[in-house]
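Participant: What follows is a predicted structure for the sequence shown.
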Amino acid sequence: MQILNEIISNTLKEAIIPPRSIDIIIPVPLHEEKLKKRGFNQSLLIADSISKLTSIPISKNNLVKNKKTPPQIGLSKHQRIKNLKGSFAVTSLPEICEKSILLVDDIMTTGATLDTCASELKKVGVKEVYGLTLARTMLK
């Protein structure tokens, strides 16, 4: 966990988002079936580390993945967006409405997951959504 904290600390130093402009951190959620199988949400682990480093609170239940989707591996950006359509939902508004959100995920390939989550958050009145990932991959 110490190495993860160091990576996150360095990532935050390089980010163009000033931490003081973020009200709440939201990790990209996993579908409950995948979470049970895996036993942890890697995005939540990253979000926890960011929260400890910045004292920004985490919202673990305001964004949920309510639809099980096939893995994104091997899909184009268009296919990924189609695959994720309707799979995320906001469950509670008061805590996040008119707030600036830091949306956290582990890896970004095309940005489809972050875009889909951000769209759902913006639909319900979130003021700003920033995305932060620890890694970036490219489609082959």
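Facilitator: Here it is on my side, so go on.
Participant: how deep is residue 8 tucked in, by neighbour count?
Facilitator: When neighbours are defined as other C-beta atoms under 10 Å, residue 8 has 22 of them. Heads up, the C-betas are built off the backbone N, CA and C, glycines and all.
Participant: who touches it in this structure?
Facilitator: Neighbouring residues of residue 8 by C-beta atoms under 8 Å, 6 or more residues apart in numbering: 46, 49, 50, 53, 134.
Participant: Repeat that for residue 64.
Facilitator: Residue 64 is in contact with 29, 88, 89, 91, counting by C-beta under 8 Å, 6+ apart.
Participant: and the residues you listed, which are buried?
Facilitator: Buried residues within these, counting neighbours by 16 or more other C-beta atoms under 10 Å: 29, 88.
Participant: now the contacts of residue 64 in CSV, with distance to residue 37?
Facilitator: Below are the contacts of residue 64 laid out as CSV (distance: C-beta to C-beta, whole Å):
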residue, distance to residue 37
29, 14
88, 19
89, 21
91, 22
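Participant: Show me what secondary structure element comes after the helix or strand of the chain with the lowest mean pLDDT.
Facilitator: Least confident helix or strand of the chain, by mean pLDDT, DSSP states H and E, is helix 2-14 with a mean of 71. Later in the chain than helix 2-14, the nearest helix or strand by DSSP states H and E is strand 24-27.
Participant: Packing partners of that following strand?
Facilitator: Helices and strands touching strand 24-27, by 3 or more C-beta pairs under 8 Å, 6 or more residues apart in numbering; DSSP states H and E, are helix 42-54, strand 100-108.
Participant: got the contact list for the shortest one?
Facilitator: Counting by C-beta under 8 Å, 6+ apart, strand 100-108 makes contact with 17, 21-28, 42-43, 46-47, 50, 56, 113-114, 117-118, 121, 126-137, all of which sit outside it.
Participant: before we move on, what about stretch 76-84?
Facilitator: So stretch 76-84 is contacted by 69, 70, 72, 75, 109, 110, 111, 112, 113, 115, 116, 139 (C-beta under 8 Å, 6+ apart).
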